[in-house]
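**Student:** what follows is a predicted structure for the sequence shown.
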Amino acid sequence: MTATLALLGRIAAFGGRIAVATARGRVPPGELAAHLHTVVLRCLGPVLAVVFPFGMVMALQGLQIFRLYGAERLISPFVAAAIIRELSPVMASVLVAAQGGSSFAAELGAMRIKEELDATDVMAVDSVAFHAAPRALALLVACPLLNLLGCVSGILGGYVSAVWIEGEPAGTFRSALWDMTTPLDLVASVTKTTVFGAIIGVLSCFLGFHAKGGAAGVGRAVNDTVVWSVLAFIAANYLLTSAFFGGGTP
Amino acid sequence: MRLLAAAGRFAYFLADFARAMLRRPPPAGAVLEEAYRIGVRSLPVLLVIAVFVGTNLSLQGANAFAPLGGQRLVGMFVAMAGVREMAPVIAAAMIAAKAGTEMASQIAVMRIREQIDALEVMAVNPLWHLVAPRLLGIVLVLPALTILAVFVTLLASLAVAVLQLGQSGAVFLAQARSAITVADLVFCMGKGLAFGVIIALVSCFFGFHAGRGPEGVGRATNGAVVTVSVSVVFLNYLLSAVFYG
């Protein structure tokens, strides 16, 4: 129990150091841009490849329900709302954790094992500000960006499934698309993924930074990053969804 | 081009593995040990994820069907979306993140420490010795874990519907029961089985072909979890389209 609390405290302190380094402007912008570029490129394919079939499945299953009530025209607003509110934020963030977060943990872990991080500190360069903060910030920015692209891909997936495969009219699909979605949904989607990105960024950099025990330790850091960041942001997701949509709305 | 080469290597990996399995039955003790390890170690993580999948399905279902006057539809939506798609896929993604990455990094560490070469020198087939128990172990436990995840998901969404959204529990349960058939549950376990095969084979493949040094281990682990998630979601669509489409 105390050990868990101590660990949470260390993670919070690490997040605090990243925030302070960012606020003081000590994060090199070149590093940030380079990491942002890699993480977006690395995650783009997986995010699109995962959210697209999810949109297809949502349309497939949604049509089953709506056909019972003769309400097939509701399929496109249903797919859009499901993708924007819940599926794209969660699936895109799972992929960002699995691809971006874990690769940053692997990089930082390998640097720790090879004592490159200690070398940075010896040269009087703050290793948190130079190595960890740009990676964490890159994840924080990349997560909402990739989520928006994921939304587009998921809705396209729904279109392919509903119109091309199930033969629903394309005009109805397009004209009814935004019937259930409001600007608040988009704000909620972006807010959620920004928070998830921050969680993934801090956890992955923390675990990579504190890897120990040779090559096996790097593997363990990567493993822990994926498991713990997914758990943490799924729990945060429930709270955020309750705040935005839940609790007594009609 | 690189992708094609990797696909070719994977095909060779599968062929070698099949040959090794046919020649000699896999070690039963090791299979049970792996099954126990994968099943029990992944259980807490899986249960936590299942709870939050359920809570959010309930919240979003209530929200999406509100314009239809469809408070009654929440039970049906949760049962259909949860049992058919969300619970099996998220459970598989979580097992991939927990057990799959562990397989990949263990085997990758053995590779870079040349323990796999040592096995070959001792005339023990590493595919038979390392991959077979992991594959059979995950195949044994994943259907059960999937059905457990489904159950916990439904329970959590019932709790949210009743306690947070103030709906009637009896209506929710009646709706849920009308939406799920035994065939759905069996199919859901079948999905778990198929996902288990993918998780084990792909994770072990990435471990076997790890590059040098600590980065190699990290990259193998990373590649395994991403490849598994993408292929699980694709396979899920194919299976759903065949079964329900």
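**Tutor:** That came through, no problem. Numbers count the residues shown, from 1 in each chain, chains lettered A, B, ... in the order given.

**Student:** now B:W128: how far from B:L135?
**Tutor:** 11 Å (Cβ to Cβ, to the nearest Å). Glycine gets a C-beta too; all of them are placed from N, C-alpha and C.

**Student:** tell me which of those two has more neighbours.
**Tutor:** For B:W128 versus B:L135, neighbours defined as other Cβ atoms under 10 Å in any protein chain shown are more numerous around B:L135 (24 against 20).

**Student:** list the contacts of the residue nearest in space to the middle of chain A.
**Tutor:** Closest residue to the average C-alpha location of chain A: A:S93 at 2.3 Å, with Cα atoms, centre = their mean. Residues near A:S93 by Cβ atoms under 8 Å, 6 or more residues apart in numbering or on different chains: A:C143, A:N147, A:T193, A:F196, A:G197, A:I200, A:V230, A:F233.

**Student:** element containing it?
**Tutor:** helix A:88-95 (DSSP states H and E).

**Student:** got the contact list for A:A142?
**Tutor:** Contacts of A:A142 (Cβ under 8 Å, 6+ apart): A:L36, A:V39, A:V40, A:C43, A:V96, A:G100, A:G197.

**Student:** in JSON lines: those, plus distance to A:F173, neighbour count and pLDDT.
**Tutor:** Formatted as JSON lines, the contacts of A:A142 follow (distance: Cβ to Cβ, whole Å; neighbours: other Cβ atoms under 10 Å in any protein chain shown; pLDDT from 0 to 100):
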{"residue": "A:L36", "distance to A:F173": "34", "neighbour count": "19", "pLDDT": "95"}
{"residue": "A:V39", "distance to A:F173": "33", "neighbour count": "26", "pLDDT": "94"}
{"residue": "A:V40", "distance to A:F173": "29", "neighbour count": "18", "pLDDT": "94"}
{"residue": "A:C43", "distance to A:F173": "28", "neighbour count": "27", "pLDDT": "92"}
{"residue": "A:V96", "distance to A:F173": "29", "neighbour count": "32", "pLDDT": "94"}
{"residue": "A:G100", "distance to A:F173": "33", "neighbour count": "32", "pLDDT": "92"}
{"residue": "A:G197", "distance to A:F173": "31", "neighbour count": "30", "pLDDT": "96"}
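
**Student:** in CSV, list those residues along with secondary structure and distance to A:R135.
**Tutor:** Shown next, in CSV, are the contacts of A:A142 (DSSP: H, G, I helix; E, B strand; the rest coil; distance: Cβ to Cβ, whole Å):
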residue, secondary structure, distance to A:R135
A:L36, helix, 9
A:V39, helix, 8
A:V40, helix, 13
A:C43, helix, 13
A:V96, helix, 12
A:G100, helix, 9
A:G197, helix, 11
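
**Student:** report the outermost residue of chain A with respect to its centre.
**Tutor:** Relative to the centre of chain A, the most outlying C-alpha is that of A:G70, 36.2 Å out, by Cα atoms, centre = their mean.

**Student:** and A:M123, how far is that from chain B?
**Tutor:** Using Cβ to the nearest Cβ, to the nearest Å, we find A:M123 at a distance of 22 Å from chain B.

**Student:** tell me where the chain has helices.
**Tutor:** Since you didn't name a chain, this refers to chain A. Under the criterion DSSP state H, chain A contains helices at A:2-23, A:29-68, A:75-82, A:88-95, A:102-113, A:116-122, A:127, A:133-159, A:170-176, A:183-209, A:214-244.

**Student:** that was the other one, I meant chain B.
**Tutor:** Going by DSSP H, chain B shows helices at B:2-23, B:28-65, B:73-81, B:87-95, B:101-112, B:115-121, B:126, B:132-159, B:169-179, B:182-208, B:213-244.

**Student:** run through who's touching the fifth one.
**Tutor:** What that stands for is helix B:101-112. A:102, A:215-216, A:218-220, A:222-223, A:226-227, B:116, B:130, B:134, B:200, B:203-204, B:206-210, B:212-213, B:216-217, B:220-221, B:223-225.

**Student:** swap the cut-off to 7 Å and go again
**Tutor:** Helix B:101-112 is contacted by residues A:215-216, A:219-220, A:222-223, A:226, B:116, B:130, B:134, B:200, B:203-204, B:206-208, B:210, B:212-213, B:216-217, B:220-221, B:224-225 when judged by Cβ atoms under 7 Å, 6 or more residues apart in numbering or on different chains.

**Student:** so the lowest-mean-pLDDT helix or strand in chain B, near chain A or not?
**Tutor:** Averaged element by element with mean pLDDT, DSSP states H and E, chain B has its least confident helix or strand at helix B:73-81 (a mean of 84). Yes: applying Cβ under 7 Å from any Cβ of the partner chain, one finds helix B:73-81 in contact with chain A at B:M76, B:F77, B:M80, B:A81.

**Student:** wait, the last one touches A:Q61, no?
**Tutor:** Yes: here B:A81 reaches A:Q61: they are 6.5 Å apart, a contact under Cβ atoms under 7 Å.

**Student:** tell me which of these two has more neighbours.
**Tutor:** B:A81 (25 against 21).

**Student:** for the more buried one, give me its contacts.
**Tutor:** By Cβ under 7 Å, 6+ apart, the contact set of B:A81 is A:Q61, B:L57.

**Student:** same thing but at 8 Å, please
**Tutor:** A:Q61, B:L57, B:G61.

**Student:** give me the distance between it and A:G158.
**Tutor:** 14 Å.

**Student:** how about B:G166?
**Tutor:** B:G166 sits 31 Å away from A:G158 when distances are taken as Cβ to Cβ.
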